[in-house]
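Chemist: The following block contains a protein sequence and its predicted model.
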Amino acid sequence: MKTKLRKTDEVEIIRGKDKGKRGKILSFVSKKSTVIVEGIKIVKKHTKPSATSKGGIIEKEAPIDISNVMLVCSHCSKRIRIGYKFLEDGKKVRYCRKCGETI
């Protein structure tokens, strides 16, 4: 899966019950092209007790499809599309298409 998003990027949810909420990307599930976002799509999981953990109901984040999130620019605080450009030293960087700042 090739994506322009990275771990620890701040994203905004654009569809679903959590629409408009923001959070950081915790991990990618590459085979299904989904991401796990901090504090978004909380589900309850029932677990049995084991030697290492107590049983009970645990709340955790569920994966959300990557098409339902957009990156938030750290400079202009708007949700954006990502562009790529090369710096003078030849380094390839991501930049905000709205304000032009590098991400």
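Modeler: Thanks, I have it. Residues are numbered from 1 along each chain as shown.

Chemist: Apart from its neighbours in sequence, what residue is nearest residue 78?
Modeler: Setting aside the residues directly before and after it, residue 78 is nearest to residue 98 in space (CB to CB, 6 or more residues apart in numbering), at 5.9 Å. The C-beta positions use only the backbone N, C-alpha and C, and glycine is treated the same way.

Chemist: And the one you found, how far from residue 79?
Modeler: 9 Å (CB to CB, to the nearest Å).

Chemist: Looking at these two, which has the bigger crowd around it?
Modeler: For residue 98 versus residue 79, neighbours defined as other CB atoms under 10 Å are more numerous around residue 79 (18 against 14).

Chemist: That one reaches residue 96, doesn't it?
Modeler: No - using CB atoms under 8 Å, residue 79 is not in contact with residue 96; the gap is 10.3 Å.

Chemist: Kindly tell me how buried residue 40 is, as a neighbour count.
Modeler: Close neighbours of residue 40, defined as other CB under 10 Å, add up to 25.

Chemist: could you say which helix or strand contains the residue nearest to the spatial centre of the chain?
Modeler: Centroid check for the chain by CA atoms, centre = their mean gives residue 25 as the closest residue, at 3.3 Å. Using DSSP states H and E, residue 25 sits within strand 22-29.

Chemist: Give me the contact list for that strand.
Modeler: Surrounding strand 22-29, the residues in contact under the criterion CB atoms under 8 Å, 6 or more residues apart in numbering are 1, 3, 5-13, 34-40, 61, 63, 69, 72.
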